[in-house]
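Colleague: What follows is a predicted protein model with its sequence.
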There are 2 protein chains.
Amino acid sequence: MRYSKALIPTVKETPSDAEIVSHQLMLRAGLMRKIASGTYMYLPAGMRVLNKVMNIVREEMDRSGAQESLAPCVHPIELWQQTGRDVDYGETLGTFTDRHGRGNVLAPTAEEAFTFLGASEINSYKQLPLNLYQISFKYRDEFRPRFGVLRSREFIMKDAYSFHPDDECLQKTYMEMYDAYCRIFERAGVDYVIVEAETGEMGGSGSHQFTVPCENGEDVIVYTEEGGRAWNIEKAPVDPPVKVEAVDVGAMEDVHTPGVGTIEEVCRFLKTQASEMIKTLILKTAEGEVVGVLLRGDHELNDEKITQLLGGVGYEMADDATVFDVTGAAVGFAGPVGLAENVSRVFVDPGVAAMGAGISGANKTDYHVKNVVPGRDFAIEGEKVQVADVRNAVEGDTYDGKPLKFKRGIEVGQVFKLGTKYSEKLGAKFLDADGVEKPCLMGCYGIGINRIMASAIELGNDDNGIIWPISIAPWEVIITLAGATDEIVEAGEKLYNELTAAGVEVLLDDRDVRAGVKFKDADLLGIPVRVTIGKKSLADGKVEMKLRTASEREDMELDKASEEVAGLVKTMKAELAEGKE
Amino acid sequence: MRYSKALIPTVKETPSDAEIVSHQLMLRAGLMRKIASGTYMYLPAGMRVLNKVMNIVREEMDRSGAQESLAPCVHPIELWQQTGRDVDYGETLGTFTDRHGRGNVLAPTAEEAFTFLGASEINSYKQLPLNLYQISFKYRDEFRPRFGVLRSREFIMKDAYSFHPDDECLQKTYMEMYDAYCRIFERAGVDYVIVEAETGEMGGSGSHQFTVPCENGEDVIVYTEEGGRAWNIEKAPVDPPVKVEAVDVGAMEDVHTPGVGTIEEVCRFLKTQASEMIKTLILKTAEGEVVGVLLRGDHELNDEKITQLLGGVGYEMADDATVFDVTGAAVGFAGPVGLAENVSRVFVDPGVAAMGAGISGANKTDYHVKNVVPGRDFAIEGEKVQVADVRNAVEGDTYDGKPLKFKRGIEVGQVFKLGTKYSEKLGAKFLDADGVEKPCLMGCYGIGINRIMASAIELGNDDNGIIWPISIAPWEVIITLAGATDEIVEAGEKLYNELTAAGVEVLLDDRDVRAGVKFKDADLLGIPVRVTIGKKSLADGKVEMKLRTASEREDMELDKASEEVAGLVKTMKAELAEGKE
């Protein structure tokens, strides 16, 4: 490709609405442009990167035995109603009614569609296992799209769905996908960690996330240095605190706390600490159930842990009217005493169960109550009440006695064992060897194509721009013509043609701009190998090669340049293709 | 790929809801399944075909200098409001409101998005020409999806958009695309004709369609044998009839025609012929304009010709209330006399203008009127009235004195000169060499990926199934194991491995079913080359090769089979790649 013909609109200024480096550099390097909130248009250089990522994913999926398919992007809502996910997904699900009044879903994922297919095409155990994948556009009506393509409304996802007669078969395919994912991220040149994860709205029995550690990630990885375990924070377990015995705690006592509703305000007002408080949350599920959750005041509710306890059903904080119905008080004054009578279930975090006594809302507007003793003043176990880990791990927590550590990351892939959740609801059954009808066990496996692109930039960048792994760089080599004399142009054309013929992807910077501008753009675009053809070195029959990752330059004979550069590119690619082991 | 592991659910029965052969065979050969009205899921064999078509398109687009990009599938409706196409497209445009109340379009095409990009990125004539393409999912909320993927709600389209400083530059890119399209259809192995076409809702000044002639096509191609011109029926011109002079025609005379509203009924009732009648249509445009159209009773309104006259705005037949408002009569009794006073414009087809006298509705319910003389009883020219070709050509018509002939076809591609319609409305301007700001001239270029697949089947099939061009066949070779002895399996594996290593795409039919079933499926799937390994011939060290297009079989030495088959595949592919010249 000749730069003079290409649309690569680089910009110097950092766009004001781009908060993180990958978003900034994708805009600055002319890889994409925003067309609406959370919606981007990929320009030619960006599209080349996306295509390379998709090709790696496609090759490794094919190699693993998965078969490429394609579900529509618009699904009939009836399929989603059958699994209940039309409700569970909440407002994030994009939906519309067509001209005939039929409901449609802009699919954010395709369990329903592929299970529907499995239901119609699978009859016998002899057809199993079956693993189908697709690479396609997905849509989520995000409340607040942000971080460029990391949380966008439209994205490209590779999703796969597998069908099995038994656990052993599911486990085998699950591990094949797990291994394929390792190869994909290694080939794409992004460092990753594998963490144990929750299954969330997917349902199911087991999941791993592939996460690229980097400071701008939205996910938090929790790990132990000893023992080497790692979890997404949504899954990370914590040791329960040591039970504090309630000794000589007086009777409960109401305190007037007018207009003092938040934990911070109450602590200031009553001169106590958040860890001495019992926080009472009232949730309302997508199915209309009202649930109470008790947390220590310094702890945060874990979205996935509670979703899992709710059976994969989505939820929101209850509205003011519901809170008033349940507690008889305004928001900010809910408490555990008597709560179980007015909600369908109460989850008590072990941190609360272990407290000797605490301060909580009094279920009376403008009042809190002191000397609340778990087990004495409210039940922590019973028909509607259970102790369950519902909080995020925090600094200072341990698991299995080992200190938990934290780092941020970007989730780029996730594999799930789904069990029979979808196959039962959509009727994907098979006859086993004994002629008995059973629901298929299923797995599903997702990779965010755009996120791999953004993660690579988060990992590979400096003040001058992007530093791509060569396997997904828009071009492998840039030839920079530092001047426009006949000799320079001729040498550039020759090298361009030779390298192209050798299968190297070359961008020839033939623009009529200063060499300094060209160097800056080459760095911003992050092309791994730059060959500069300038008047002075060319007089000696030489060109200058520089790696994006190195500061030093190297002279090469013009006549040998194509061979040497092609060899270098081949070596650099082979290093990634072989993985990092 | 091993057949035993693949999902290729062939079926014997012709599905009852599939009307045409391509739709039937795509279902029967297990290439796709319906998931909702006009919405299909591609299964692995079908996806392989789609991927091959997309690769050919991508290669030829890249070769032509177009640059791959990717617009979102969901566009903000504001962009469509700026061009007015949110209205012009009518109900076929899929739209939805997101959680923040913003309007969105499920894009059926992307002129707006790419012109928006051009408006933000193009400044100078030095950046032109620029030609961007994408291959992506498109959506049309079809009133009546039919013919499988030929008229589906979701489809995959390659669309390209080019920007130019002047007509000469546009013409050059237009012809590059035209040539690229020829190469694409030749490589894909589908015979096509190029016809002059209307620009319809696209607007603009010129267009060609690439149409695959076949009896199940929805499009009608009109052509002259002498002179070799061809048009889509939507564009086909007709010579005006010879003017019949009105001699001794009496005054207009009302006739009572109670409940007799259609042309056929009136002809029967008054014992006359449709060609003696003047048909009066009342249309209402998407912008609310009410327009009258006069046609001879035996002629049909041409959708694209009238759309073009309306300035690219969509329209519908006016509702009963509007017809009553305008004519004072029920539907079926509209007439030309006095019509111009009550509508904003009247278009008089030359066929009507040439009539001596005719019978028309009387603008009075249950009445028609005889002896209506064009030019005497109603104006055929004037401020609001013009003579204009608004009808379909029919058998018996001529153009330039030459008889028009007709055949049906499937439109697989279309190229348009858009002029400045979009660039003016969305502000895609550039500074020319003199520093003068001008709107870009634009072209746009579409190819229906799924339609190429269906067209190939319409062209290539017999009673036994599909006959693929080798370039887009799901596999190039099928090895049929006619038996399961160790020798057969071993020979099959060896040949499979050798051919695969030689880069041939092979399906190994290793299923535990009768050879007859395997032969039937191989034919149904349409794989170009079949190699059968059976006990008898194998005893002589031989295998049997058969082309899908031939009835005779050919023996080959097992030891030489991989070399011979690989050579054959290479030759067959080269024939297509070189095109048909």
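Modeller: Right, received. Where do you want to start?

Colleague: CA atoms for contacts and neighbours, from now on please.
Modeller: Fine.

Colleague: right, and A:Phe143 touches B:Gly101 too?
Modeller: No: judged on Cα atoms under 8 Å, A:Phe143 makes no contact with B:Gly101 at a distance of 11.5 Å.

Colleague: out of the two, which sits in the busier spot?
Modeller: A:Phe143 (13 against 8; other Cα atoms under 10 Å in any protein chain shown).

Colleague: Tell me the secondary structure at the more buried one.
Modeller: Look at A:Phe143: counting by DSSP: H, G, I helix; E, B strand; the rest coil, its state is coil.

Colleague: same check, this time on A:Lys364
Modeller: Assignment for A:Lys364 (three-state DSSP): coil.

Colleague: now it, nearest residue through space, not along the chain?
Modeller: Nearest non-adjacent residue to A:Lys364, counting by Cα to Cα, 6 or more residues apart in numbering or on different chains: A:Ala329, 4.6 Å away.

Colleague: Read off the pLDDT value for the one you found.
Modeller: For A:Ala329, the model assigns a pLDDT of 95.

Colleague: Any chance of the backbone angles for A:Arg511?
Modeller: phi -70, psi 160 (degrees, to the nearest 10).

Colleague: Contacts only, for it.
Modeller: Contacts for A:Arg511 (Cα atoms under 8 Å, 6 or more residues apart in numbering or on different chains) come out as A:Tyr3, A:Ser4.

Colleague: Before we move on, what's the pLDDT of it?
Modeller: The model's pLDDT for A:Arg511 equals 96.

Colleague: could you point out which element follows the lengthiest helix in chain A?
Modeller: Across chain A, the longest stretch assigned as helix under DSSP state H is helix A:167-188. Reading on from helix A:167-188 to the C-terminus, the next helix or strand found by DSSP states H and E is strand A:193-196.

Colleague: three-state assignment of the residue positioned nearest the centre of chain A?
Modeller: Centroid-nearest residue in chain A: A:Glu411, 3.2 Å away (criterion: Cα atoms, centre = their mean). Assigned by three-state DSSP, the conformation of A:Glu411 is strand.

Colleague: And it, how far from A:Asp254?
Modeller: According to Cα to Cα, to the nearest Å, A:Glu411 and A:Asp254 sit 46 Å apart.

Colleague: and if you look at A:Tyr174?
Modeller: Taken as Cα to Cα, the span from A:Tyr174 to A:Asp254 is 55 Å.

Colleague: out of these two, which sits in the more crowded spot?
Modeller: Higher neighbour count among A:Tyr174 and A:Asp254: A:Tyr174, with 22 against 16, using other Cα under 10 Å.

Colleague: The more buried one: what's it in contact with?
Modeller: A:Val415, A:Phe416, A:Lys417, A:Gly443.

Colleague: Quick check: closest non-adjacent residue to the first one.
Modeller: Translated: A:Val415. Counting by Cα to Cα, 6+ apart, A:Tyr445 is the residue found nearest to A:Val415 once chain neighbours are left out, at 4.3 Å.

Colleague: So that neighbour is in contact with A:Asp159, correct?
Modeller: Yes: contact between A:Tyr445 and A:Asp159 holds when scored by Cα under 8 Å: they sit 5.5 Å apart.

Colleague: What is the nearest of the contacts of A:Tyr174 to chain B?
Modeller: Nearest to chain B among the contacts of A:Tyr174 is A:Gly443, at 17.0 Å by Cα to the nearest Cα.

Colleague: pLDDT wise, what is the closest residue in space to that closest one that isn't next to it in sequence at?
Modeller: Sequence neighbours aside, A:Lys417 is the residue nearest to A:Gly443 in space, at 4.5 Å (criterion: Cα to Cα, 6+ apart). pLDDT for A:Lys417: 94.

Colleague: Paired strands for the helix or strand containing A:Lys417, with orientation please.
Modeller: Assigning secondary structure by DSSP H and E places A:Lys417 in strand A:405-419. Strand partners for strand A:405-419, identified by DSSP bridges, are recorded as strand A:206-213 (antiparallel), strand A:219-223 (antiparallel), strand A:441-448 (antiparallel).

Colleague: Present those as CSV; the columns should include mean neighbour count and mean pLDDT.
Modeller: Shown next, in CSV, are the strands paired with strand A:405-419 (neighbours: other Cα atoms under 10 Å in any protein chain shown; pLDDT from 0 to 100):
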stretch, mean neighbour count, mean pLDDT
strand A:206-213, 24, 93
strand A:219-223, 24, 93
strand A:441-448, 25, 97
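
Colleague: Please convert those to JSON lines, extending it with distance to A:Leu426.
Modeller: As requested, the strands paired with strand A:405-419 are arranged in JSON lines below (distance: least, Cα to Cα, whole Å):
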{"stretch": "strand A:206-213", "distance to A:Leu426": "21"}
{"stretch": "strand A:219-223", "distance to A:Leu426": "32"}
{"stretch": "strand A:441-448", "distance to A:Leu426": "12"}
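
Colleague: of all those, which lies closest to A:Asn302?
Modeller: Closest to A:Asn302 of the strands paired with strand A:405-419, according to Cα to Cα: strand A:219-223, at 11.9 Å.

Colleague: Next SSE downstream of the closest one?
Modeller: By DSSP H and E, the next helix or strand past strand A:219-223 is strand A:230-232.

Colleague: which helices and strands does that following strand pack with?
Modeller: Other helices and strands packing on strand A:230-232, by 3 or more Cα pairs under 8 Å, 6 or more residues apart in numbering or on different chains; DSSP states H and E, are strand A:193-196, strand A:219-223.

Colleague: just how off-centre is the shortest one within its chain?
Modeller: Its chain's C-alpha centre and that of strand A:193-196 lie 12 Å apart, by Cα atoms, centre = their mean, to the nearest Å.

Colleague: Repeat that for stretch A:372-388.
Modeller: 36 Å.

Colleague: List the beta-bridge partners for the residue nearest to A:Gly443.
Modeller: A:Gly206, A:Gly443.

Colleague: so whichever residue of the stretch 251-400 of chain A sits closest to chain B, which of the three states?
Modeller: Closest contact between the stretch 251-400 of chain A and chain B, by Cα to the nearest Cα, is at A:Glu316 (15.5 Å). For A:Glu316, the assignment made with three-state DSSP gives strand.

Colleague: measure A:Gly148 to B:Lys518 for me?
Modeller: With Cα to Cα as the criterion, A:Gly148 and B:Lys518 are 51 Å apart.

Colleague: low-scoring pLDDT stretches of chain A, where are they?
Modeller: A:199-204, A:578-581 (pLDDT under 70).

Colleague: can you tell me how far A:Gly541 sits from chain B?
Modeller: Noted for A:Gly541: a distance of 32 Å to chain B, by Cα to the nearest Cα, to the nearest Å.

Colleague: which ones are touching that residue?
Modeller: Applying Cα under 8 Å, 6+ apart, the residues contacting A:Gly541 are A:Glu557, A:Leu558, A:Asp559.
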